[in-house]
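Student: only geometry, no sequence info:
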Ligand SMILES: Nc1nc2c(c(=O)[nH]1)N=C([C@H](O)[C@H](O)COP(=O)(O)OP(=O)(O)OP(=O)(O)O)CN2
Ligand SMILES: [Zn+2]
């Protein structure tokens, strides 16, 4: 079936440490996290800002995490304090957190894939089961 795929990328700067990690990652340090969000659908929808069914999902709803922590995003925050206790601050669980929160912001049926990278050489992807 034909479908649309939106892709958007952004960065945010935040601090974290991995609890009980025996090494440098267990100490407080920071990253410029790079995030890519893909949203796929075979249907178009309206959004909070547009009543007409003309988009897979509003790009604004895919980019919430880049906002300052005081405005509900992840930028310039301490991830260990922002993420709920059942999420550790590994790239894997940050990707899942962004996926879970973005799911709440997009129309039902929109498929998501979230990529998170802490450093230029490593990244993780989390996506819907196909
Ligand atoms: N599977 C995972 N492994 C590690 C994670 C993670 O989130 N998932 N995170 C870390 C640390 O947070 C760390 O900040 C990254 O460590 P490292 O890869 O050693 O970073 P480098 O600066 O050495 O990366 P380069 O790309 O080689 O410069 C560790 N492991
Ligand atoms: Zn780190």
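Tutor: Thanks, I have it. These figures come from a predicted structure and were not determined experimentally. Ligands and ions are numbered 1, 2, ... in the order given.
Student: So which other helices or strands are in contact with the one helix or strand residue 101 maps to?
Tutor: When elements are assigned from DSSP states H and E, residue 101 belongs to helix 91-103. For helix 91-103, the packing partners by 3 or more CB pairs under 8 Å, 6 or more residues apart in numbering; DSSP states H and E come out as strand 29-41, strand 111-119, strand 122-127. Backbone N, C-alpha and C define where each C-beta goes, glycine included.
Student: Point to the residue nearest the middle of this structure.
Tutor: The centre of the chain sits closest to residue 98, judged by CA atoms, centre = their mean, with a distance of 3.1 Å.
Student: Surely that one is in contact with residue 114?
Tutor: Yes. Under the criterion of CB atoms under 8 Å, residue 98 is in contact with residue 114, at a separation of 4.9 Å.
Student: what's the overlap in contacts for the two?
Tutor: With contacts defined as CB atoms under 8 Å, 6 or more residues apart in numbering, the residues adjacent to both residue 98 and residue 114 are 35, 37.
Student: residues in this structure within reach of ligand 1, list them.
Tutor: Within the chain, the positions lying close to ligand 1 (CB under 6 Å from any ligand atom) are 18, 25, 90-92, 118-122.
Student: Export these to a markdown table and append columns for pLDDT.
Tutor: Below are these laid out as a markdown table (pLDDT from 0 to 100):
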| residue | pLDDT |
| --- | --- |
| 18 | 97 |
| 25 | 96 |
| 90 | 98 |
| 91 | 98 |
| 92 | 98 |
| 118 | 97 |
| 119 | 95 |
| 120 | 95 |
| 121 | 97 |
| 122 | 97 |
